[in-house]
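Novice: Can you look at this prediction? I've put the sequence above it.
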Amino acid sequence: MKTPLPIYYGLDVAKATLRLCGPDLPGGDLPNTAEGHAALLARLPAHAHLVCEATGGYERAVVAALQQAGRAVSVINPRCTRAAAQGGGQRAKSDAIDAAELAAYGRRYTPAPTVQLSPARRRLQELVARRAQIVAARTVEKNQLEHLRDAKVRRQAERRLRTSARDLVQIDAWIEAALAAETTLAAHAARLQQLEGIAQTNAATLLATLPELGTVNDRKAAHLCGVAPFIRQSGRWDGQRHIAGGRAAARTALYMAALTAIVRNHRLKTFYHRLVAAGKPKKVALVAVMRKIATLLNRLLRNPDFHLAD
């Protein structure tokens, strides 16, 4: 028996409401609550494929409910869907228009379903995001500290730094526990750390922000991390290639890993210095190391028999 082709439905997600667009569906909004999610599921046929945008977190609960019910759902970068809408001549914007454009995006581009995260990985995702927030706040405090002249203000800033340092230790302990809480997650973290330069924090960040790692080809892994240069050509003109897009947190983790790898990892160190000796700018050579690390990590998770060369 043939599997029925998916029918794409657009789902515009707001803080309080959901707007669905698809064939033969009643109009109107649904609340973005557990009751609204249940009502949404009741409206959808079994072969529905929903397309929604990442909305800073408001989409997470409904996406989890859809995935737990076995429905395919794709969470798309809003920049992509908006560019597609404007490319089709749609300049106006409303919940109803956005839902219709999301459905059209699904029909045109047939996006792959977003990976369903386990509870342990969802918790890891939140912990990693919180850790990044603490690190960013500490950087701001440290940068301001040397310019503070008022003694009371300076003491307050120093107190906040001490508090955030304790918070960071606590978050790191929670991340370690989250990695150990699921057998697959623990095995993947250990596998990633086989590569010199990947510490536990790097591994946790990549597993949290790049759940596709190990399930895609090497080129796709590099694109997801934002370390694959885009070609820029037109006629006889051949422009300089640049990296762009990708997931910023994953790219930052690769950057930190690359800084360590070009010092401690013999093969990557040799690779980096060979590129520099050939005239490549150091930044370009470092990005090439990041791309190679992304490729190696993807192979480590994709193939249990893959071993890193000495």
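Specialist: Thanks, I have it.
Novice: Low-confidence ranges, this structure, go.
Specialist: Where the chain drops to pLDDT under 70, the residues are 1-3, 26-27, 310.
Novice: And the helices in it?
Specialist: Secondary structure of the chain, counting by DSSP state H: helices at 34-43, 60-68, 78-87, 95-109, 119-145, 151-180, 183-192, 200-209, 218-225, 248-264, 266-277, 282-302.
Novice: Please work out which of the ones you listed is packed deepest.
Specialist: Across the helices of the chain, averaging neighbours per residue (mean count of other C-beta atoms under 10 Å) puts helix 200-209 on top, at a mean of 23. C-beta here means a position set from N, CA and C on the backbone, and glycine is covered the same way.
Novice: that older thread, now render the helices of the chain as TSV, adding distance to Trp237.
Specialist: Listed next are the helices of the chain as TSV, based on distance: least, C-beta to C-beta, whole Å:
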stretch	distance to Trp237
helix 34-43	49
helix 60-68	42
helix 78-87	23
helix 95-109	28
helix 119-145	39
helix 151-180	47
helix 183-192	40
helix 200-209	35
helix 218-225	24
helix 248-264	28
helix 266-277	25
helix 282-302	20
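Novice: any idea how far Gly106 is from the spatially most central residue of the chain?
Specialist: Computing the C-alpha centroid of the chain and ranking residues by C-alpha atoms, centre = their mean puts Thr209 first, at 4.0 Å. The gap separating Thr209 from Gly106 is 24 Å, by C-beta to C-beta, to the nearest Å.
Novice: again with Pro211
Specialist: Separation of Pro211 from Gly106 (C-beta to C-beta): 21 Å.
Novice: One more: Arg274?
Specialist: Arg274 sits 45 Å away from Gly106, taking C-beta to C-beta as the criterion.
Novice: cool, and Asn303?
Specialist: Applying C-beta to C-beta, the value for Asn303 to Gly106 is 32 Å.
Novice: next one: Ala173
Specialist: Taking C-beta to C-beta, one finds Ala173 at 42 Å from Gly106.
Novice: do the same with Ala228
Specialist: Counting by C-beta to C-beta, the gap from Ala228 to Gly106 is 25 Å.
Novice: One more: Ile171?
Specialist: In terms of C-beta to C-beta, Ile171 sits 37 Å off from Gly106.
Novice: swap in Ala65?
Specialist: Noted for Ala65: a distance of 19 Å to Gly106, by C-beta to C-beta.
Novice: And Leu254, how far from Ala244?
Specialist: Leu254 is 15 Å from Ala244, where distance means C-beta to C-beta.
Novice: Next: Ala136.
Specialist: Ala136 is 22 Å from Ala244, by C-beta to C-beta.
Novice: The helices of the chain: which one's closest to Tyr9?
Specialist: Checking the helices of the chain against Tyr9 by C-beta to C-beta gives helix 95-109 as the closest, at 5.7 Å.
Novice: tilt between the closest one and helix 78-87?
Specialist: For helix 95-109 against helix 78-87, the angle by axes from the mean of the first three to the mean of the last three C-alpha atoms, to 10 degrees is 90 degrees.
Novice: Can you give the distance from helix 95-109 to the centre of its chain?
Specialist: Distance, stretch centre to chain centre, for helix 95-109: 22 Å (C-alpha atoms, centre = their mean, to the nearest Å).
Novice: With stretch 80-89 instead?
Specialist: In terms of C-alpha atoms, centre = their mean, the centre of stretch 80-89 is found 22 Å from the chain centre.
Novice: Right, I'll call it a day here.
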